[in-house]
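Visitor: Coordinates only, no sequence provided:
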C-alpha cells in the first residue's frame with residue numbers, strides 16, 4: 001500500500017473545496033492595489049499565531065472571501081487575533097460604545113458614579129491588550145475624574 005498525501009498509508013486527506021477569487025467584488029481601495037493586475041485564482045488558508053494568546057489559528061480561504069468580497073476589507077488586511085480573542089475584542093468595543101453613549105446622555109450624573117468610571121476605564125485599558133488603538137484622552141479623563149473626584 002503506497003503512502004498518500006496525508007503521510008499515512010491508505011489514508012487520503014479530504015480535499016478542500018476551492019474558494020475562487022472574484023477581484024471584481026473587492027473594495028475600491030483593494031482594486032487600486034498592485035495585486036489587482038495579477039490577482040490569485042483561489043484563496044488559500046493562512047496559518048498564523050494569535051497576537052494576544054499565541055494560539056495557532058487559520059485564516060480560512062472562505063473567511064478571506066467573505067472579508068474581501070462581502071465586507072469589502074482591504075485585500076492586504078490579515079488576521080492577527082484568533083476567533084476567541086476577536087470575539088472578546090468585539091465584546092469590549094461594544095461595551096465601550098455603550099459607556100460612551102451613556103456618558104453623552106448622562107454626563108452630569110455619571111461623572112459622580114465611581115463604579116461606572118472605574119468600569120469604563122477598565123474596558124479602555126483592556127481593549128489595548130487586544131490590539132485596539134488606545135484611547136489616551138478617555139483614559140486620562142477617567143483617571144483624572146477618579147483621582148480628584150468629580151467637581
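Guide: Done, it's in. Note that this is a predicted model, so its numbers are computed, not measured.
Visitor: thought residue 69 was touching residue 26?
Guide: Yes. With contact defined as C-beta atoms under 8 Å, residue 69 counts as touching residue 26 (6.6 Å). All C-beta atoms are positioned from the backbone trio N, CA, C, and that covers glycine.
Visitor: Have a look at the protein and report its longest helix.
Guide: Longest helix in the chain by number of residues, with DSSP state H as the criterion: helix 83-110.
Visitor: Check which residues of the helix or strand following it are buried.
Guide: Per DSSP states H and E, the first helix or strand lying C-terminal to helix 83-110 is helix 114-128. For helix 114-128, a neighbour-count test (16 or more other C-beta atoms under 10 Å) marks 116, 117, 120, 121, 123, 124, 127 as buried.
Visitor: Burial check on residue 45, number of neighbours?
Guide: Neighbour count for residue 45, taken as other C-beta atoms under 10 Å: 13.
Visitor: again with residue 130
Guide: Neighbour count of residue 130, defined by other C-beta under 10 Å: 18.
Visitor: Tell me, how many residues neighbour the nearest residue to it once chain neighbours are set aside?
Guide: Among residues not flanking residue 130 along the chain, residue 89 sits closest, at 3.9 Å (C-beta to C-beta, 6 or more residues apart in numbering). Close neighbours of residue 89, defined as other C-beta under 10 Å, add up to 18.
Visitor: Just the local confidence number for residue 89, please.
Guide: The model reports residue 89 with a pLDDT of 97.
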